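Trainee: sequence plus the predicted model coming up.
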Amino acid sequence: MHITLQKSTIAKQSSIQITGSKSESNRLLLLKALYPEISLDNVSNSDDSNLMTNALSSNTGLVDIYHAGTAMRFLTAYFSVQEGREVVLTGSKRMKERPIEVLVEALQELGADISYVENEGFPPIKIKGKKLIKNKVSLKANVSSQYISALLLIASKLENGLELTLVGDITSVPYIKMTLSLLDEIGVDATFNGHVITVKPKVNAQTPKTLTVESDWSSASYYFSIAAISEVGTEIRLSSYKENSLQGDSVLVDIYKHFGVSAVFNDHGVILKKEFSNLEPLTLDLKNAPDIAQTIAVTCFALGISCDLTGLHTLKIKETDRLVALKNEIEKLGGQVDITDKSLHLSTSTIINEFVPIETYHDHRMAMAFAPLALKTAIIIKDAEVVSKSYPTFWDDLKSIGFKITE
Ligand SMILES: O=C(O)C1=C[C@@H](OP(=O)(O)O)[C@@H](O)[C@H](O)C1
Ligand SMILES: C=C(OP(=O)(O)O)C(=O)O
């Protein structure tokens, strides 16, 4: 489905309710499978979380998680310890290009029985679940934090717990801390000192407990962008968010101050307000918040300001090569982008071409990051249904605040 967003203006005040964080949900769904005493509230309605739920309750020999990276990585660890169960875990064409070797090697080192079905180092993989006795392993920490979270999520169910040594630079650290915080909430003992994470074994969660998932900050990023591109005085209320978030992408609150957007918290969430305009260049290291890189690059382009974004090495192995995708699409719109394997430079620009069809490359964040440009000019988003990976109601929510969208 290709959609056209006519040049739009949004109301001076509007409200949006976003469902739970996809990252928190996918961790908690796995933990609930291990500790059924837990109940969950405000679970993400994303495709990736629905796939995670279905995979955890399936009893078939083939589990397909399509585009869901966290589900692929977390379930690799989960099925490795399901004694007596044999599963082939597969995914979309792109998932078969997203590396999993670092995680598979760590699990094999711990004693897991995993083999590659097609290409060495990539899904699909065949897992024969068994009891893991060993408890010490090292792994490279600069490729994806999801491998580390996957191991931590099953660690408390290993007979001897786990001592994980992280080798080299650690990428996407807030996601590792999110995993540790959620373990703490269900009473699992874990420590993170320097490059070593230790998790103690635990048989049962202490008492039945309901955990409420905070709404998704990566999804909120598109409204920060919309606020930044809107008239001074525009307000958008987002629920349900809190000031002390487990999600690293809540750093948006600080980043968008640069664009004159304030964020004030109340009991229900956060109120974004465009306070002033600022056209100063932006320099940012996004190693800890890779999922908001596309949003920020497009905000800068919309406002005609230049930016230098670094710490982007993980973007190359996400739903698409996001660095190449950003360069291609911003340049179609009239911008100039220079990329390396881990950084992006956007030059100052003054024009935005009209009615440009934006390719989304099976990447939800390409569709959502470019949508706010409709506040400046008409734009076409190709394969707009990709948004369901993380935010199925995105287009309806944009319509509700005044975006003019037609198929
Ligand atoms: O653990 C998680 O929930 C995630 C970790 C990050 O991946 P990397 O650690 O691969 O950067 C992030 O990009 C992804 O969307 C979600
Ligand atoms: C990278 C992402 O997801 P995943 O790695 O879970 O596919 C994302 O949601 O931006």
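Mentor: Thanks, I have the structure now. Quick caveat, the model's predicted, so the values are computed rather than measured. Ligands and ions are numbered 1, 2, ... in the order given.

Trainee: can we go C-alpha only for contacts and neighbour counts from here?
Mentor: Noted.

Trainee: next up, phi/psi of residue 90, please.
Mentor: Reported as degrees, to the nearest 10, the phi and psi values for residue 90 are phi -130, psi 180.

Trainee: residues near it, how many?
Mentor: Residue 90 sits with 21 neighbouring residues when counted by other CA atoms under 10 Å.

Trainee: residues contacting it?
Mentor: 62-66, 72, 96, 123-125 (CA atoms under 8 Å, 6 or more residues apart in numbering).

Trainee: tell me the spacing between it and ligand 2.
Mentor: 13 Å (CA to the nearest ligand atom, to the nearest Å).

Trainee: for that residue, which non-adjacent residue is closest in space?
Mentor: Distances taken as CA to CA, 6 or more residues apart in numbering put residue 124 closest to residue 90, at 4.3 Å, once the chain neighbours are dropped.

Trainee: hmm, back to that, just name the closest of the contacts of residue 90 to residue 25, please.
Mentor: Ranked by distance to residue 25 (CA to CA), these are led by residue 72 at 14.3 Å.

Trainee: which elements pack onto the host helix or strand of that closest one?
Mentor: Using DSSP states H and E, residue 72 sits in helix 69-80. On a contact count with 3 or more CA pairs under 8 Å, 6 or more residues apart in numbering; DSSP states H and E, helix 69-80 meets helix 22-34, helix 47-57, strand 86-90, helix 101-109, strand 125-128, helix 145-155.

Trainee: contact partners for the closest residue to ligand 2 within the chain?
Mentor: Ranking the residues of the chain by distance to ligand 2 (CA to the nearest ligand atom) places residue 69 first, at 3.3 Å. Contact analysis of residue 69 by CA under 8 Å, 6+ apart lists 95, 318.

Trainee: relative to residue 110, how far out is it?
Mentor: With distances taken as CA to CA, to the nearest Å, residue 69 is found 22 Å from residue 110.

Trainee: so for the residue nearest the centre of the chain, what's the pLDDT?
Mentor: Most central in the chain under CA atoms, centre = their mean is residue 291, positioned 5.5 Å from the mean C-alpha point. Note for residue 291: predicted pLDDT of 98.

Trainee: buried subset of the contacts of residue 90?
Mentor: For those, a neighbour count by 16 or more other CA atoms under 10 Å gives the buried set as 63-66, 72, 96, 123-125.

Trainee: can you give me the helices in the stretch 251-400 of the chain?
Mentor: In the stretch 251-400 of the chain, the helices defined using DSSP state H, counting those that start in this stretch lie at 252-255, 293-303, 322-332, 364-370, 394-400.

Trainee: now for the second one, which elements pack on it?
Mentor: In terms of contacts (3+ CA pairs under 8 Å, 6+ apart), helix 293-303 is packed against helix 217-229, strand 307-310, helix 322-332, helix 364-370.

Trainee: for the third one, output the C-alpha coordinates as PDB.
Mentor: Read that as helix 322-332. Extracted in PDB, the C-alpha atoms of helix 322-332 (Å, rounded to 0.1, in the frame of the first residue of the first chain):
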ATOM      1  CA  ARG A 322      19.600   2.300   7.500                       C
ATOM      2  CA  LEU A 323      22.600   4.500   6.600                       C
ATOM      3  CA  VAL A 324      22.300   3.700   2.800                       C
ATOM      4  CA  ALA A 325      18.500   4.000   3.000                       C
ATOM      5  CA  LEU A 326      18.600   7.400   4.700                       C
ATOM      6  CA  LYS A 327      21.100   8.700   2.100                       C
ATOM      7  CA  ASN A 328      19.100   7.400  -0.800                       C
ATOM      8  CA  GLU A 329      15.800   8.900   0.300                       C
ATOM      9  CA  ILE A 330      17.000  12.300   1.700                       C
ATOM     10  CA  GLU A 331      18.900  12.800  -1.600                       C
ATOM     11  CA  LYS A 332      15.700  12.100  -3.600                       C
END
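
Trainee: let me see the mean pLDDT of it.
Mentor: Here the average pLDDT along helix 322-332 is 98.

Trainee: closest residue of the stretch 301-407 of the chain to ligand 1?
Mentor: Closest to ligand 1 within the stretch 301-407 of the chain is residue 314: 5.4 Å, counting by CA to the nearest ligand atom.

Trainee: can you give me how far the helix holding residue 72 is from the chain middle?
Mentor: Remark: helix 69-80 is offset 15 Å from the chain centroid, using CA atoms, centre = their mean, to the nearest Å.

Trainee: average pLDDT for that helix, rounded please.
Mentor: With pLDDT averaged residue by residue, helix 69-80 scores 98.

Trainee: between it and helix 47-57, how big is the angle?
Mentor: 10 degrees (axes from the mean of the first three to the mean of the last three CA atoms, to 10 degrees).

Trainee: buried ones in helix 69-80, by neighbour count?
Mentor: Residues of helix 69-80 classed as buried: 69-80 (neighbour count, 16+ other CA under 10 Å).

Trainee: with stretch 228-246 instead?
Mentor: Neighbour-count burial for stretch 228-246, counted by 16+ other CA under 10 Å, picks out 228-232, 234-242, 246.

Trainee: so which of the residues you listed sit within strands?
Mentor: Among the buried residues of stretch 228-246, the residues falling in strands (DSSP state E) are 235-239.

Trainee: could I get those as CSV with distance to ligand 2 and pLDDT?
Mentor: Below are those laid out as CSV (distance: CA to the nearest ligand atom, whole Å; pLDDT from 0 to 100):
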residue, distance to ligand 2, pLDDT
235, 26, 98
236, 23, 98
237, 23, 98
238, 19, 98
239, 20, 97
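
Trainee: can you give the domain ranges for the protein?
Mentor: 3-18+215-406, 22-212 (automatic domain parsing).
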